[in-house]
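Engineer: A predicted structure for the sequence below; I have some questions about it.
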Amino acid sequence: MEDEIELKTAPADFRFPTTNQTRHCFTRYIEFHRCTTAKGEDSNECERFAKYYRALCPGEWVDKWNEQRETGTFPGPL
Amino acid sequence: MDLSEMKKYRTGLRQQPRSLPQPPLTESRSLGTGARTTTPNVTHPPPTYRLGGTSEIQLRTRIVHGTTIEILRTIFPSIISMFIAIQSFALLYSMDEVVVDPAITIKAIGHQWYQTYEYSDYNSSDEKSLTFDSYMILEEDLELGQSRLLEVDNRVVVPAKTHLRIIVTSADVPHSWAVPSSGVKCDVVPGRLNQISILVQREGVYYGQCSEICGNNHAFTRAPGNIGRLLSHSGSAAPPGVQATREASYYSERLEL
């Protein structure tokens, strides 16, 4: 049985051309949450940013940031 | 330049200092080698020592220094080095830049003393879809034919002939993710995500080891045992959609245990 699998992941971002992608992951996370704040929680346009930050950021980091957002201690410009 | 001026440039022992005792008052006759024969009761003035040690030979010595040319011969090679260095640095930094969009992102998180791999490209929410730990197989648990100190229990399966992005980080101390047979080594630092771009040319198993001292069992932390598995049937040139082979799906089932 043949299955079409399309491989897609966060594209290479020209803003972060070097080896250090910490800022890339953080920026995508912030972009997603700013998008949901601006356009609403269920907007499809923001899903793209979600895929990007989930591809790049380790799960522990995302969990930690989610907790920080809930407690209001998230250090980024949401 | 006359003799008095030349004397300013003389090196070596000058005239015999007056505090030293005078040499015996003997006749000095040159034998051509600088040796002296002695004859009693003959007075001669004390010899003056010139460069080379022979009193008969007056050697012209002149120290020349040119400030301008010395400055030039310092700056000019520096400029040449700078031209070479600029090209080299441009090449060095461009080697790390990603030119092609990767097809898949795999995260490798280093721990003491194992690796955790995450495949999160297809997460629909923040929960981890495919995460597993990869420990080295101990010697007593090896099966026949397996390599000692290289095998792991859960291998990282990657598609071959596909641009991969591997994001490495650490959960505790610095490690280094190295797969020599793929030409990859990247230091892994806690709090930082480092990106490696690879293209696995051939199917096969690629072994790697931790390359940064990370504690007691550093020698037993394995980077992958990667398997490059073709996810597409060969014969087509870079198809946008790929087809899964049975091997790949079998392997992904095993990983989801």
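Structural biologist: Alright, I've got the coordinates.

Engineer: Just give me the residue closest to the centre of chain A.
Structural biologist: Nearest to the mean C-alpha position of chain A, by CA atoms, centre = their mean, lies A:Y53 at 2.3 Å.

Engineer: Contact partners for that residue?
Structural biologist: Neighbouring residues of A:Y53 by CB atoms under 8 Å, 6 or more residues apart in numbering or on different chains: A:A10, A:C25, A:R28, A:Y29, A:E31, A:F32, A:V62. All C-beta atoms are positioned from the backbone trio N, CA, C, and that covers glycine.

Engineer: Mind telling me what element it is part of?
Structural biologist: Element membership of A:Y53 [criterion: DSSP states H and E] is helix A:47-56.

Engineer: And what about B:N216, helix, strand or coil?
Structural biologist: coil (DSSP: H, G, I helix; E, B strand; the rest coil).

Engineer: Give me the spatial nearest neighbour of it, chain neighbours excluded.
Structural biologist: Computed as CB to CB, 6 or more residues apart in numbering or on different chains, the closest residue to B:N216 that is not its neighbour in sequence is B:W113, at 7.3 Å.

Engineer: what about that neighbour, neighbour count?
Structural biologist: Neighbour count of B:W113, defined by other CB atoms under 10 Å in any protein chain shown: 20.

Engineer: now swap in B:A160 and tell me
Structural biologist: By other CB under 10 Å, the residues close to B:A160 number 19.

Engineer: Isn't B:Q146 up against B:I137?
Structural biologist: Yes - B:Q146 lies in contact with B:I137 (CB atoms under 8 Å); the separation is 6.9 Å.

Engineer: More neighbours: which of these two?
Structural biologist: Neighbour totals were compared for B:Q146 and B:I137, and B:I137 leads with 19 against 12 (other CB under 10 Å).

Engineer: Identify the residue spatially nearest to that one, adjacent ones excluded.
Structural biologist: The shortest distance from B:I137 to any non-neighbouring residue, by CB to CB, 6+ apart, is to B:E151 (4.4 Å).

Engineer: just checking, that neighbour touches B:L142?
Structural biologist: Yes - B:E151 lies in contact with B:L142 (CB under 8 Å); the separation is 6.5 Å.

Engineer: which helices and strands does the helix or strand where B:C186 lies pack with?
Structural biologist: For B:C186, the host element (DSSP H and E) is strand B:184-188. If you count contacts as 3 or more CB pairs under 8 Å, 6 or more residues apart in numbering or on different chains; DSSP states H and E, strand B:184-188 packs onto strand B:163-170, strand B:175-179, strand B:194-199.

Engineer: got a list of what the closest residue to chain A within the stretch 101-250 of chain B touches?
Structural biologist: Residue of the stretch 101-250 of chain B nearest chain A, by CB to the nearest CB: B:A103 (3.9 Å). If you count contacts by CB under 8 Å, 6+ apart, B:A103 has them with A:L7, A:K8, A:T9, B:P159, B:T162, B:H163, B:L164.

Engineer: Need the pLDDT of the second one.
Structural biologist: Pointing back at A:K8 there. Note for A:K8: predicted pLDDT of 83.
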